[in-house]
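> Pasted the sequence and its predicted model underneath.
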Amino acid sequence: MLRLVASSNVSARNAVFTLALAFAAAWPVAASEIHPNLDATAILDQQRQLRVEVEQRSGRYKDLPAAERETLLREQDKVFALLRDRSAVTDLPEADRIVVFNSLESISAIANRAPEEKLVCERTRKIGSNRTETVCMTAAERRARREADAKALGDRNAACLKSGPDCM
């Protein structure tokens, strides 16, 4: 069973899509009943339309920096490669579903110029367990967690330096 961990300030859109991916992992879906967020054809069509606008540098993408444009196109290439000849995201192995989700989140963050809202999911194992879980956090949450972990490690090291060689 897939366990999804997400923080409370994740946008509703991201949470709904993430939950749809989680439920898709647990239940097979008939081709006629594919949820729009999991429909590979719909996703590919949307990405093709976006690519045309980005490559033509038209509309809201006319001022998109070159580095962001290349990143967006690279992420789209991943999506195109993984969803080619698929009818639904659920047809992919779980690891590839996470790659597609993360790529779509990266594309969305670039398109919406909101990199801190990008939701990133990864499969992790808790220490001492062989069970994996999917953990999703926004880029801002990941950064804050890294900073808090680094501070806690620094505080622990400082305390050990004061207490002597028996610190652990």
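Received the coordinates, thanks.

> contacts and neighbour counts: CA atoms only from here.
OK.

> can you map out the strands along the chain?
Ranges of strands in the chain, per DSSP state E, are 4-5, 119-125, 132-138.

> got those strands as CSV, with distance to Ser108, mean pLDDT and mean neighbour count columns?
Shown next, in CSV, are the strands of the chain (distance: least, CA to CA, whole Å; pLDDT from 0 to 100; neighbours: other CA atoms under 10 Å):
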stretch, distance to Ser108, mean pLDDT, mean neighbour count
strand 4-5, 21, 40, 14
strand 119-125, 10, 81, 17
strand 132-138, 13, 83, 18
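
> would JSON lines of those with distance to Glu70 be doable?
Output for the strands of the chain, formatted as JSON lines (distance: least, CA to CA, whole Å):
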{"stretch": "strand 4-5", "distance to Glu70": "31"}
{"stretch": "strand 119-125", "distance to Glu70": "19"}
{"stretch": "strand 132-138", "distance to Glu70": "22"}
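
> Low-confidence ranges, the protein, go.
Regions of the chain meeting the criterion pLDDT under 70 cover residues 1-33, 165-166, 168.

> repeat that for 50
Low-confidence segments of the chain (pLDDT under 50): 1-16, 19, 23, 25-31.

> what comes up buried for the helix ranked longest in it?
For the chain, the helix that runs over the most residues, judged by DSSP state H, is helix 139-163. Buried residues in helix 139-163, counted by 16 or more other CA atoms under 10 Å: Ala139, Glu141.
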